[in-house]
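Trainee: just to be clear, the model below is a prediction. Sequence and coordinates:
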Amino acid sequence: MPARAPACLAILALLAAPASAQRANPMPAAPEAVGESGGLVVPGIEVDETAKTNRAAREAGWRQAQRLAWPQLWARLSGAPPAQAPRVTDSALDQMVAAIEVEREAVRNGRYIARLAVVFDRARAAPWLGRYAPLVQSPPMLVLPVLQDAGTRMGYEPGNPWVEAWLRFRAGESAVDYVRLRANATDSLLLTAWQAERLDIPLWRLLMDRYQTADVLIPELVLERSHLGGPARARLFLRFGPSARLLARLELAREDGDIPALLDAAVREADRVYTTAMASGLLVPDALLSLPAQEEAEVPELAPELGARVAVANVTLEVDTPDSATLEAIERALRETPGVTSVRLQSFVIGGRSTLAVATALELESLARAVEEQGLRLEGRLLRRLRAEEAPPPPAAPAPPPDPAALPGGGDG
């Protein structure tokens, strides 16, 4: 086993109780998400307005900024000229605009000169965007930036400048809802470069639940420098999902050796690729990462002539999981068990006991008999694989039919 595995195995126990929605209400020691995921930003709007008072001039400037920003937002999403944007009233704009950010302003003697950024609320703007609305409703995507520099590979470990570049990026200007983290100690252990290479669906599912995201984006950057302060080059691999599917490969360079500027440019290129992929329908979250929780369900009619339906209840079972392959095999066998309608992972601990929520119409005694047909043994609430010596004997061969001549009164005469 690799030397770094024990640390990862120890921290996986923290995932047994996934974090709640920290993006909205951060709790102590919980992952802190960064970004403007609630809005779309149109920056650089120049206004010059006059009025009787400074306050009136500022209000006029902000209203004019909204009017100018709307066609730009439409053009950015539709690809059409700004002049073709639908006409929207000031009252409708007031509803759509979530905030006005001041980039630069000067107000004197009733004149207001400023450069502003207009933040549109994604949900409220969607009805006005028509068929382009899906472009502003990207599901939240966890960003796992991986940097390779001088033979060292890093994820959310402290001191990763590639992570810092993503934190600097003004995500509200993108149609992709990036979830970036100011990583705490737990995040640094979970979201490593090694994790980016693992195709472990149960573990990824727990990470998606912890960070309240639908899938993961893995922008990997390989930095190459001839000498300190000299020209710098970077190879950028833009991947998506637990399988790290490659969407694009790019190369960038800075002859002046300005690494922060090179990384900022790489983030912008990554956003361009991910936005294009989303518009093309390539960023569809993996369904395995968001299995729905089923607290109650119904199974199909077992006796149609009586209209009978059987209520389904959740049963929590414990499973010894030395590795993820064992868990996947047990989940698969459970799903194939007659009378089981769904199986949902509640916690996953490598080297310990994981828990499953099983929706079934069977009583525990009946469920125990049913899972034995799938090679499992249920003892109380503990579920495990049958050992070789516990395997049920093969069914006995049918007895041959009796010889009619041997029966009483058989034969001729």
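Mentor: That came through fine.
Trainee: now the residue lying closest to R205 once chain neighbours are set aside: how far from S138?
Mentor: Excluding the flanking residues, the one nearest R205 by Cβ to Cβ, 6 or more residues apart in numbering is L289, at 5.3 Å. Using the backbone N, CA and C atoms, a C-beta is placed for each residue, glycine as well. Remark: distance between L289 and S138 (Cβ to Cβ, to the nearest Å) = 15 Å.
Trainee: can you check V119 too?
Mentor: Distance from V119 to S138, by Cβ to Cβ: 16 Å.
Trainee: what's around S324, how many residues?
Mentor: 17 (other Cβ atoms under 10 Å).
Trainee: repeat for the one 4 residues further on
Mentor: Using other Cβ under 10 Å as the criterion, E328 is surrounded by 14 other residues.
Trainee: residues contacting it?
Mentor: Contacts were defined as Cβ atoms under 8 Å, 6 or more residues apart in numbering; by that measure E328 touches 201-202.
Trainee: and P161, by the same measure?
Mentor: Contacts of P161 (Cβ under 8 Å, 6+ apart): 147, 259-260, 263.
Trainee: most neighbours out of those residues, which is it?
Mentor: The most neighbours of any of these, using other Cβ under 10 Å, belong to L263, which has 26 neighbours.
Trainee: next, that residue: phi, psi?
Mentor: Taking degrees, to the nearest 10, you get phi -70, psi -40 for the backbone angles of L263.
Trainee: and it, what does it touch?
Mentor: Contacts of L263 by Cβ under 8 Å, 6+ apart are 161-162, 164-165, 221, 234.
Trainee: can you map out the helices along the stretch 1-150 of the chain?
Mentor: With DSSP state H, counting those that start in this stretch applied, the stretch 1-150 of the chain shows helices at 5-12, 54-78, 90-96, 122-129, listed in chain order.
Trainee: tell me the contacts of the closest residue to G229 other than its chain neighbours?
Mentor: Nearest non-adjacent residue to G229, counting by Cβ to Cβ, 6+ apart: G257, 5.0 Å away. Contacts for G257 (Cβ under 8 Å, 6+ apart) come out as 225, 229-232.
Trainee: how far away from the center of its chain is stretch 217-230?
Mentor: 26 Å (Cα atoms, centre = their mean, to the nearest Å).
Trainee: domains for this structure, by residue range?
Mentor: 39-133, 138-288, 292-390 (automatic domain parsing).
Trainee: turn those domains into a markdown table, including mean pLDDT.
Mentor: A markdown table is the format used below for the domains of the chain (pLDDT from 0 to 100):
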| stretch | mean pLDDT |
| --- | --- |
| domain 39-133 | 87 |
| domain 138-288 | 87 |
| domain 292-390 | 72 |
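Trainee: tell me the most buried of these?
Mentor: domain 138-288 (a mean of 18; mean count of other Cβ atoms under 10 Å).
Trainee: measure P338 to R353 for me?
Mentor: On the measure of Cβ to Cβ, P338 and R353 end up 26 Å apart.
Trainee: cool, and K52?
Mentor: K52 is 73 Å from R353, by Cβ to Cβ.
Trainee: now swap in L236 and tell me
Mentor: Distance check for L236 against R353: by Cβ to Cβ, it reads 41 Å.
Trainee: can you tell me the SS state at L228?
Mentor: Secondary structure state of L228, per DSSP: H, G, I helix; E, B strand; the rest coil, is coil.
Trainee: surely the residue nearest to R205 touches L203?
Mentor: No - counting by Cβ atoms under 8 Å, L289 sits too far from L203 to count as a contact (10.7 Å).
Trainee: what sits against R233?
Mentor: 223-225, 251-254.
Trainee: where do the helices sit along the stretch 151-300 of the chain?
Mentor: Using DSSP H, counting those that start in this stretch, helices in the stretch 151-300 of the chain cover 161-168, 185-190, 201-211, 259-279.
Trainee: counting contacts, what elements does the shortest one pack onto?
Mentor: What it means is helix 185-190. Under the contact definition 3 or more Cβ pairs under 8 Å, 6 or more residues apart in numbering; DSSP states H and E, helix 185-190 sits against helix 5-12.
Trainee: how about A51: what's its closest non-neighbour residue?
Mentor: Nearest to A51 is A57, by Cβ to Cβ, 6+ apart, at 4.0 Å.
Trainee: now the one you found: how far from R108?
Mentor: 9 Å.
Trainee: ditto for A56
Mentor: Counting by Cβ to Cβ - A56 and R108 are separated by 13 Å.
Trainee: again, but for G155
Mentor: Where R108 is concerned, G155 sits at a distance of 50 Å (Cβ to Cβ).
Trainee: out of the helices of the stretch 1-150 of the chain, which is closest to T316?
Mentor: Closest to T316 of the helices of the stretch 1-150 of the chain is helix 5-12 (Cβ to Cβ; 19.4 Å).
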